[in-house]
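Undergrad: Predicted model follows, preceded by the sequence.
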Number of protein chains: 2
Amino acid sequence: MGRRMALLSRLAQPNERRIVLLVLDGVGDLRTDAQPRTALDEARTPNLDRLAARSSLGRLVPAGTGITPGSGPGHLALFGYEPTSPDVDIGRGVLEALGLGLDISPDAVVARGNFATVDGEGLLTDRRAGRLPGAEGRRICARLARRIEAAGDGVEVEIHPGEAYRFVLLFRPRAGTPALDAELADTDPQRLGVAALPVQAAAGAGEAAGRTAARIAPAVAALQAELRDEDRANTLLLRGFSKLPALPGVGELYRLRAAALAGYPLYRGVAKVCGMEIVDCGKSFGETLDRLEERWSDFDYFFLHVKGTDMAGEDGDLAAKVGTLESVDALLPRLLDLGPDVLAITGDHSTPAPMEAHSWHPVPLLLRSETCFVDECSRFTEVEAIRGALGTIPSSDLMGLLLAHSARLAKCGA
Amino acid sequence: MGRRMALLSRLAQPNERRIVLLVLDGVGDLRTDAQPRTALDEARTPNLDRLAARSSLGRLVPAGTGITPGSGPGHLALFGYEPTSPDVDIGRGVLEALGLGLDISPDAVVARGNFATVDGEGLLTDRRAGRLPGAEGRRICARLARRIEAAGDGVEVEIHPGEAYRFVLLFRPRAGTPALDAELADTDPQRLGVAALPVQAAAGAGEAAGRTAARIAPAVAALQAELRDEDRANTLLLRGFSKLPALPGVGELYRLRAAALAGYPLYRGVAKVCGMEIVDCGKSFGETLDRLEERWSDFDYFFLHVKGTDMAGEDGDLAAKVGTLESVDALLPRLLDLGPDVLAITGDHSTPAPMEAHSWHPVPLLLRSETCFVDECSRFTEVEAIRGALGTIPSSDLMGLLLAHSARLAKCGA
C-alpha cells in the first residue's frame, strides 16, 4: 500500500454522508483542426451547466502524463489505487474474465484464449481462426467443456466463450494440491509460420511457476488435441495468465459502504476487485438511476458507470457522444434530487472521437459539495476545466478529495 | 532525507540575499453558495494588489490533495519538509509543549495530559475533570511539582500547566541512565466507566519501550496517588508520548541564517525544531516588523507569522479575517521598504470561514523577486492564484523556489 493510501486509510472516519462518482467513460475529447469543438462543447446540457456554476472544476490525469490507460487502470485510479503500480495490475486474463462477468476465486489462474488455425505441420496460418463467428466459438467451447469434464488432470479447468474467436480458461488447484502460480509465458508466439508455444514459466519466474506449468500443460495439450479435427479452429493460443490482484477494498480502507452500478460486466468486475458491492442494473442511465434510488439508503459511496460516451468515441462518432451526454443531462435532476453530499462527474480516461481510441489527455472533473470552492467555470467542458479550482491532479487523488468533501478525513497532525 | 531535499542541499550556495516568508495563517478561504466572496476577495488591499501585479502567483497544497494539515505539518511543509513523512512527525506531546513555549531537550519524552475525574472505584466519570478552570489547573500542577521534587524516581519529571484541564509532562533519563523511548501507549482509554490505563509500551513497539514504561510508570502512579484527595481532578490521563523529531535544520541544509518571528509559541517551537533562531516578538504584525527591522542584517531567511487570519477563520468571522488582511496590507510598505530580495506571502493551510476549521483546499501564494515571472494576476486572491505562473504545487516545494529566486541554487548537471 502506498503512503498516501495508508495515510487516507488512517485518517478516514465513517459517517452517513453520500458520495456519488458518476463516470462518463471516455468523456474527454479533443479540439483539433478538423474537430474544432468537443462533445462537451457541443452538447446542450442545461442541468450540467447549472451544476458546474455551483461546483469546482478541474482535470484528472489517469495514469501519468502521456500514459493511455485501459479501462482497468482508468477505473482503479478513480477508486484511489496507483494504477501503474505492479501490485495493482489486473492481468489480461483476469480482465477478460471480469468482462465476461465470471466469478474468479482468488486461487484461480486465468488466461485469455484465441482459437487459431495451423497447417498440416502444426504451423500457425491464422492467429484468429478466420475471425470465427461467435456461434462457432460457443459451439467449440461447449465441445471442449465436455472434453474437460471427461479428463482427470491435476487441475480443475473451466472454459468460457468470449466474443467471436476469443475465450477464457480458468485453472484451479484441486482440493489439497498446492496453489497455482500465474507467472506463465503466453503460448501465443504472436506471429505466423511457427508452432504454438508450450505452457511454460515466464522468463525470470520462480520454481513455483515451473511446477504450475507442468500441471497445466497436459490439460492444454488435451484441449489442443481435441481441436485437431476442427476446420478452422484447430488449435488454441493463450495469453495473459494472471490471478486476481489482492487489493485492499475501498470499504475497509476508507470505512465506506461502497456500491457499483454499472451495466457492463468489465466495470462491475473491476469494482468488485476493489471491494465494492455490485448492484445489478441495466445498461441505460435511467435503469442505473432506478437502482440508485432503490438502494440509496444502503450505501454511502456509489460508483455509477455510463458507457455510451466511450463507445461513441471509439466509433469516432461525435454526434453519438453529444447524444449520450444530452441524455445523461436530461436525467441528471433525478440524481440531484437524491441530494448526494458529494457528487463527482468525470471519466476514466479520454476517448477523443478523432482518435477513435482511448488517449492520455486529462479528463475534465466536476465536484460539487458544500465545501467545494465555487470557481469561475460556468460549463463542464475540457477548456473550462483548465481554469478550475481543483487544478490538474492524478486520478488516484480523487478518492481523497471525495473523502475530504464528505467530512470523513481527520486532520493530519496537530 | 528525501531526494529533493538532498538535491537542494547539494546545490545550495550561500549569499547575502534576503528571503522573507510571510505566513498568513489559514489565509485561504472558500467561495460557497452562502459566502460568495472570500476574505481576500473582500479585503481592500491596495499594497498587496500593487505587489501582486509585479509578482508570480500560484497555489500551495499543504499535505496532499484532500489532506487537512494541523499547524505542525502545515509549517513543516512551508519550511521544505515532506509533512506526511513519518520522520517528520511532531508528536502531540511535543507539539503541546512547543505551544507552551517549553524548551524540549532531544532526550526528553513528552506527553500531553488531562486532569480527569474517577469515582470511588477508580472508574472514569469525566475525562476533563469538569473542564477545570486554568487557575485550578495551575494550582494542581504546582502541587504535583512539589511532589515530583520530593520523589527519587529513575527519571526526571517536569510538569507544566496548559489551558484549563490540560498540562504537559516531560520525562528525562537521569545522568548515566539509558535513553528513553517514546513508543508508549496513551493512558487515556478515551471512554468513561473504565480505569485509566497504566503506562505501557505501544502495540508493536520494541523492548526499549517496555523498559521506558517500567521506569516512567512509578512516577505517573505517584502523581495519580497525590491527586487522590482532589475534588474533581483526582486522576490524570496521558496522550501522545513523543520526542522531538531529529530534523536536519534549514540553516545547515541550505546554508542560510534563518530566523523565526512569530508571536505564538507553537510556531516558534516548530521553527526551532527546523533549526531556525527564534527572535522574540509580540503578537501584532507591527511588533513583528519592529523586530524584523532591528534584526534585518543578522539573518538571510525570515519566517514571519500572522495568526489573526486563522483565528478569524476558526471563528467563522469573515469580517475579522478581512480586517486582519487590511491591517497587514497597511503595514506592508514597511516590509517592502527593507528591500527583501525574495518575498513570499502565503498560508500554512486554508481556514475557510464557512468551515470554522482548517481545510485541505489549496492556499494562494504570491512570490516577488527580480526573477519572478510577472504573470497576468492583478490581485492576491484564491481565484487569481489559480491562473498564476507558479501553478499549483506542494507546499514543500516552496523552499526550493525561495532558494532559486535568491540565486542560491547552482545548476544541476552541466
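TA: Good, I have the coordinates.
Undergrad: In the stretch 1-150 of chain A, mark out all the strands, start to finish.
TA: A:19-24, A:56-61, A:109-118, A:124-126 (DSSP state E, counting those that start in this stretch).
Undergrad: again with the stretch 301-414 of chain A
TA: A:301-306, A:342-346, A:363-369, A:392-394.
Undergrad: In JSON lines, list those along with mean neighbour count and distance to chain B.
TA: Quick note: C-beta positions are derived from backbone N, CA and C, even for glycine. Output for the strands of the stretch 301-414 of chain A, formatted as JSON lines (neighbours: other C-beta atoms under 10 Å in any protein chain shown; distance: least, C-beta to the nearest C-beta, whole Å):
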{"stretch": "strand A:301-306", "mean neighbour count": "26", "distance to chain B": "15"}
{"stretch": "strand A:342-346", "mean neighbour count": "26", "distance to chain B": "11"}
{"stretch": "strand A:363-369", "mean neighbour count": "25", "distance to chain B": "10"}
{"stretch": "strand A:392-394", "mean neighbour count": "18", "distance to chain B": "6"}
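Undergrad: In JSON lines, list those along with mean pLDDT.
TA: Below are those laid out as JSON lines (pLDDT from 0 to 100):
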{"stretch": "strand A:301-306", "mean pLDDT": "98"}
{"stretch": "strand A:342-346", "mean pLDDT": "98"}
{"stretch": "strand A:363-369", "mean pLDDT": "98"}
{"stretch": "strand A:392-394", "mean pLDDT": "98"}
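Undergrad: how about these, which one is nearest B:V20?
TA: Among the strands of the stretch 301-414 of chain A, the nearest to B:V20 by C-beta to C-beta is strand A:392-394 (29.9 Å).
Undergrad: which other helices and strands contact the closest one?
TA: If contacts are counted by 3 or more C-beta pairs under 8 Å, 6 or more residues apart in numbering or on different chains; DSSP states H and E, strand A:392-394 sits against strand A:56-61.
Undergrad: Name every strand pairing with the strand it packs on and say which way it goes.
TA: strand A:363-369 (antiparallel), strand A:392-394 (parallel) (DSSP bridges).
Undergrad: Contacts made by the longest one with the rest, please.
TA: Think strand A:363-369. A:27-28, A:40, A:48, A:51-52, A:54-62, A:341-350, A:380-382, A:384-385, A:388, A:390, A:395, A:398, A:401-402, A:405-406 (C-beta atoms under 8 Å, 6 or more residues apart in numbering or on different chains).
Undergrad: Filter the residues you listed down to the buried ones.
TA: Among these, those classed as buried by 16 or more other C-beta atoms under 10 Å in any protein chain shown are A:27-28, A:40, A:48, A:51-52, A:55-62, A:341-350, A:380-382, A:384-385, A:388, A:390, A:395, A:398, A:401-402, A:405-406.
Undergrad: domains of chain A?
TA: A:3-89+A:247-405, A:95-242 (automatic domain parsing).
Undergrad: which residue is nearest the middle of chain A?
TA: A:G72 (3.2 Å; C-alpha atoms, centre = their mean).
Undergrad: how about the residue lying closest to that one once chain neighbours are set aside, what does it touch?
TA: Distance criterion C-beta to C-beta, 6 or more residues apart in numbering or on different chains; nearest residue to A:G72, sequence neighbours excluded, is A:I90 at 4.4 Å. For A:I90, the contacting residues are A:72-73, A:76, A:98, A:242, A:244-245, A:270, A:273, by C-beta under 8 Å, 6+ apart.
Undergrad: Check the gap between A:I90 and A:L266 for me.
TA: Per C-beta to C-beta, to the nearest Å, A:I90 is found 10 Å from A:L266.
Undergrad: same thing with A:G251?
TA: Here the criterion is C-beta to C-beta. By it, A:G251 lies 21 Å from A:L266.
Undergrad: Settle it for me: which of these two has more neighbours?
TA: A:L266 (21 against 18; other C-beta atoms under 10 Å in any protein chain shown).
Undergrad: out of everything not next to it in sequence, what's closest to the more buried one?
TA: In space, A:L266 is closest to A:G99, 3.9 Å off (C-beta to C-beta, 6+ apart).
Undergrad: Name all residues that make contact with the nearest residue to A:T65 once chain neighbours are set aside.
TA: Leaving aside its sequence neighbours, A:T65 sits nearest to A:W360 (C-beta to C-beta, 6+ apart; 7.2 Å). By C-beta under 8 Å, 6+ apart, A:W360 lies in contact with A:62-63, A:65-69, A:349-350.
Undergrad: again with A:G2
TA: A:82, A:85.
Undergrad: swap the cut-off to 7 Å and go again
TA: A:E82 (C-beta atoms under 7 Å, 6 or more residues apart in numbering or on different chains).
Undergrad: ok, it to B:D300 distance?
TA: 37 Å.
Undergrad: next one: A:C412
TA: For A:C412, the distance to B:D300 - C-beta to C-beta - is 31 Å.
Undergrad: Mind putting the strands paired with strand A:56-61 into a markdown table with distance to B:R257?
TA: A markdown table is the format used below for the strands paired with strand A:56-61 (distance: least, C-beta to C-beta, whole Å):
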| stretch | distance to B:R257 |
| --- | --- |
| strand A:363-369 | 44 |
| strand A:392-394 | 37 |
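Undergrad: just to revisit the earlier point, confirm for me that the residue nearest to A:L266 is in contact with A:Y267.
TA: No: A:G99 sits out of contact with A:Y267 when judged by C-beta atoms under 7 Å, with a separation of 9.0 Å.
Undergrad: Which one of these two is surrounded by more residues?
TA: A:Y267 (27 against 22).
Undergrad: and the more buried one, what helix or strand is that in?
TA: helix A:265-273 (DSSP states H and E).
Undergrad: And that helix, what does it pack against?
TA: Contacts defined by 3 or more C-beta pairs under 7 Å, 6 or more residues apart in numbering or on different chains; DSSP states H and E place helix A:265-273 against helix A:71-78, helix A:92-99, strand A:277-278.
Undergrad: Please indicate which of these has the most neighbours on average?
TA: helix A:71-78 (a mean of 28; mean count of other C-beta atoms under 10 Å in any protein chain shown).
Undergrad: Show residues contacting that helix.
TA: In contact with helix A:71-78 (C-beta under 7 Å, 6+ apart) are residues A:21, A:23, A:62-63, A:83-84, A:88, A:90, A:95, A:266-267, A:270, A:348-349, A:395-396, A:398.
Undergrad: what does stretch A:247-255 give?
TA: A:1, A:5, A:8-9, A:12-14, A:79-81, A:88, A:256-258, A:273-276, A:301, A:403, A:408.
Undergrad: how about 8 Å then?
TA: A:1, A:5, A:8-9, A:12-14, A:79-81, A:87-88, A:256-258, A:273-276, A:301, A:399, A:403, A:408.
Undergrad: Give me the PyMOL select line for the residues you listed, limited to the buried ones.
TA: Per 16+ other C-beta under 10 Å, the buried members of the contacts of stretch A:247-255 correspond to this PyMOL selection:
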select buried, chain A and resi 5+8+9+12+79+80+81+88+256+258+273+274+275+276+301+399+403+408
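Undergrad: between A:I90 and A:L266, what contacts are shared?
TA: Contacts common to A:I90 and A:L266, judged by C-beta under 8 Å, 6+ apart, are A:72, A:98.
Undergrad: Would you mind listing what in chain A touches chain B?
TA: A:3-4, A:7-8, A:11, A:54, A:370-376, A:387-389, A:391-393, A:397, A:400-405, A:409-414 (C-beta under 8 Å from any C-beta of the partner chain).
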